[in-house]
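Novice: with the input below, show me the fold.
(one chain, ligands or ions: 1)
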Amino acid sequence: MLLRLALAIDDKKLETKIAGKLDFLSDLQIKHFGASNTAWQSLVRSCADIFLISDTMIPQPVESGLSILNNLPENPMTIILHGNESSADHARLLAAGADSVIYSGVVFSRLVEVMETVIDSRRQYNLMDRYDRKGRLKPKLSDFISESQQMQIFMEEVHQVVTSDTTLLILGETGVGKEHLAKAIHAESPRSNGPFIAVNTAALPEQLLESELFGHGQGAFTGAIRARRGSFELAHGGTIFLDEIGDMPLHLQTKLLRVLQEYEIVPIGSEEPTWVDVRVIAATNKDLEQEIEQGRFRRDLFYRISVISLTIPPLSSRKEDIPALIRTFISHYRKRIGRDVLGISDDAVMVMTRYAWPGNVRELMNVIERAMLLCRGNIITLKNLPEGILTGGDHENENNISTSGSGRASGDSYPLDTGQNLQDVSLCNQANIMFNVSEWEGKTLPQVRQEVVKEVEKIFIEQVLLKAKGRVGKAATMAGIHPRGLYSKMKQLGIEKERFKK
Ligand SMILES: Nc1ncnc2c1ncn2[C@@H]1O[C@H](COP(=O)(O)OP(=O)(O)OP(=O)(O)O)[C@@H](O)[C@H]1O
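Specialist: Numbers count the residues shown, from 1 in each chain. Have a look, this model is predicted:
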């Protein structure tokens with residue numbers, strides 16, 4: 001983040017000397033306000049992080065003057081240069097809320113030392129403010145679930161680009177984890193000590209977005225009573241994440257292109273460019289090539305941002321990741337919502353694995369959170385899942401299903417899709433997926449046959465009931481048996497039709 005230092009010192013020579021000494025700090029932007037009668041109003045609206053001002057600048061009584069500065073939204077640090085050494089005056093200013101009071105006649109090197117310390121602590125404060133107050137999850141690349149081959153290949157690509165400082169374009173369907181990935185890349189990049197600032201470019205009207213990105217000066221437009229710093233300035237030394245870049249208005253695309261070429265921003269209403277050191281990660285779920293064809297996206301900007309592009313595979317194409325993601329979210333929400341939910345039944349996992357997840361990981365997270373809130377015991381069951389999931393949506397990509405790693409226990413069940421969806425799985429794997437093979441040890445073939453038949457019947461009946469949405473008559477027709485026969489089987493196997501009703 002760029003730090004703003006506001007100087008209003010009644011000794012012009014001293015002000016110039018201090019500015020000259022601190023000018024080498026690349027994250028410091030120095031603004032001079034002079035010592036005129038009108039300087040105070042501009043100071044208050046300057047959006048500064050640090051004020052270095054003469055005591056003569058503060059309106060009387062000093063207590064109210066300092067309280068105005070202390071109540072500014074930036075929560076600035078105030079250093080007062082005092083014309084005399086009187087410790088009583090210094091104590092009064094400190095009691096009134098100044099962070100530091102220095103005698104203006106002090107040795108110059110001592111004054112610079114104090115300033116450097118204040119600037120450093122402000123840097124730390126800004127970082128703490130960004131990361132700790134909101135207590136957000138800090139994603140790590142190592143936490144990305146990659147049971148599926150698609151995700152393993154994808155994460156290899158990610159690891160190759162994480163340490164480079166190049167602009168990145170992350171593509172993928174909505175909710176697939178583009179911002180999550182951008183945060184993880186930032187956290188493992190050499191910029192991880194700097195801020196990560198995310199801006200959703202589709203969420204704001206054009207003028208607000210421009211101000212959000214580049215900032216504005218005081219009086220830049222009606223209502224701009226105070227200066228405002230833009231996200232590029234806040235992201236100085238770190239990463240800016242431009243979400244939904246495909247929705248950015250054309251005229252801002254031109255401004256953005258300039259930033260990417262020159263690394264300079266010009267706040268609205270200002271003519272003074274400011275240099276920023278920022279890595280840009282952009283994301284979209286739109287087809288940018290198509291947007292270019294339609295004249296809605298600049299080709300030159302596309303080339304600039306897509307030096308490296310990463311496409312996160314949709315959840316529907318990496319269903320092997322679903323059981324592990326479910327477990328991760330259960331333990332995440334267990335802590336967050338304080339519910340003693342320990343796991344999820346296998347039939348619920350199976351149904352979730354077969355669902356198409358158009359809202360991707362976000363939708364999966366929401367379904368788990370909801371299920372945990374509804375769950376009466378400590379295991380999530382089919383009853384806790386929304387109808388849309390139970391009826392399976394369009395059951396897209398069923399041939400991607402695998403439940404490896406779901407930790408099945410004997411006696412649990414899930415509906416099996418008969419036929420082709422297991423074609424490419426070896427026989428041995430099929431057995432392991434469907435049954436707890438280790439429990440067959442020491443049993444005779446007739447005993448195992450009886451157990452297996454019972455299990456297969458259960459799976460099959462659940463499958464037809466699921467398809468028939470709990471209507472026993474329809475399920476019996478699909479199963480090719482009499483409804484009475486199906487009822488008695490269901491009773492014997494402990495299957496309740498209510499679980500499958502819409
Ligand atoms: N691999 C993952 N592990 C854990 N949580 C994840 C993962 N991927 C995504 N999430 C979570 O899913 C939710 C949606 O992710 P995110 O906002 O990054 O998606 P997105 O692709 O940027 O969505 P949109 O296109 O709608 O902006 C977030 O709460 C995020 O923390």
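
Novice: around the ligand, which positions in this structure sit nearby?
Specialist: 144-145, 172, 174-180, 243, 283, 285, 361-362, 365 (CB under 6 Å from any ligand atom). No exception for glycine: its C-beta is placed from N, CA and C like everyone else's.

Novice: now Arg449, what's its secondary structure?
Specialist: When classified by DSSP: H, G, I helix; E, B strand; the rest coil, Arg449 comes out as helix.

Novice: the helices in the stretch 151-300 of the chain, which residues?
Specialist: Along the stretch 151-300 of the chain, counting by DSSP state H, counting those that start in this stretch, helices occupy 178-187, 206-214, 231-234, 250-262, 288-293, 299-305.

Novice: tabulate these (a markdown table), appending mean pLDDT and mean neighbour count.
Specialist: Below are those laid out as a markdown table (pLDDT from 0 to 100; neighbours: other CB atoms under 10 Å):
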| stretch | mean pLDDT | mean neighbour count |
| --- | --- | --- |
| helix 178-187 | 93 | 22 |
| helix 206-214 | 84 | 18 |
| helix 231-234 | 90 | 23 |
| helix 250-262 | 91 | 15 |
| helix 288-293 | 93 | 15 |
| helix 299-305 | 94 | 17 |
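
Novice: now those as CSV including distance to Gly20?
Specialist: CSV is the format used below for these (distance: least, CB to CB, whole Å):
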stretch, distance to Gly20
helix 178-187, 34
helix 206-214, 28
helix 231-234, 23
helix 250-262, 25
helix 288-293, 46
helix 299-305, 36
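
Novice: re earlier: filter the residues of the chain next to the ligand to the buried ones?
Specialist: The neighbour-count test (16 or more other CB atoms under 10 Å) applied to the residues of the chain next to the ligand identifies 144-145, 172, 175-180, 243, 283, 285, 361, 365 as buried.

Novice: any idea which of the helices of the stretch 151-300 of the chain gets closest to Glu451?
Specialist: helix 178-187 (42.8 Å; CB to CB).

Novice: report the distance from the closest one to the chain centre.
Specialist: In this view, helix 178-187 has its centroid 7 Å away from the chain centroid, taken as CA atoms, centre = their mean, to the nearest Å.

Novice: now swap in stretch 52-60 and tell me
Specialist: That offset, for stretch 52-60, works out to 42 Å (CA atoms, centre = their mean).

Novice: list of residues touching that stretch?
Specialist: For stretch 52-60, contacts defined as CB atoms under 8 Å, 6 or more residues apart in numbering pick out 5-11, 18, 35, 39-40, 43, 62, 65-66, 78-83, 89, 93, 101, 104, 115.

Novice: pLDDT at Phe33, what is it?
Specialist: Listed pLDDT for Phe33 reads 87.

Novice: which residues touch it?
Specialist: Under the criterion of CB under 8 Å, 6+ apart, the neighbours of Phe33 are 6-8, 39, 42-43, 46.

Novice: now render the residues you listed as a markdown table, adding secondary structure and distance to Pro190.
Specialist: Listed next are the contacts of Phe33 as a markdown table, based on DSSP: H, G, I helix; E, B strand; the rest coil; distance: CB to CB, whole Å:
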| residue | secondary structure | distance to Pro190 |
| --- | --- | --- |
| Ala6 | strand | 31 |
| Leu7 | strand | 32 |
| Ala8 | strand | 37 |
| Ala39 | helix | 40 |
| Ser42 | helix | 37 |
| Leu43 | helix | 36 |
| Ser46 | coil | 32 |
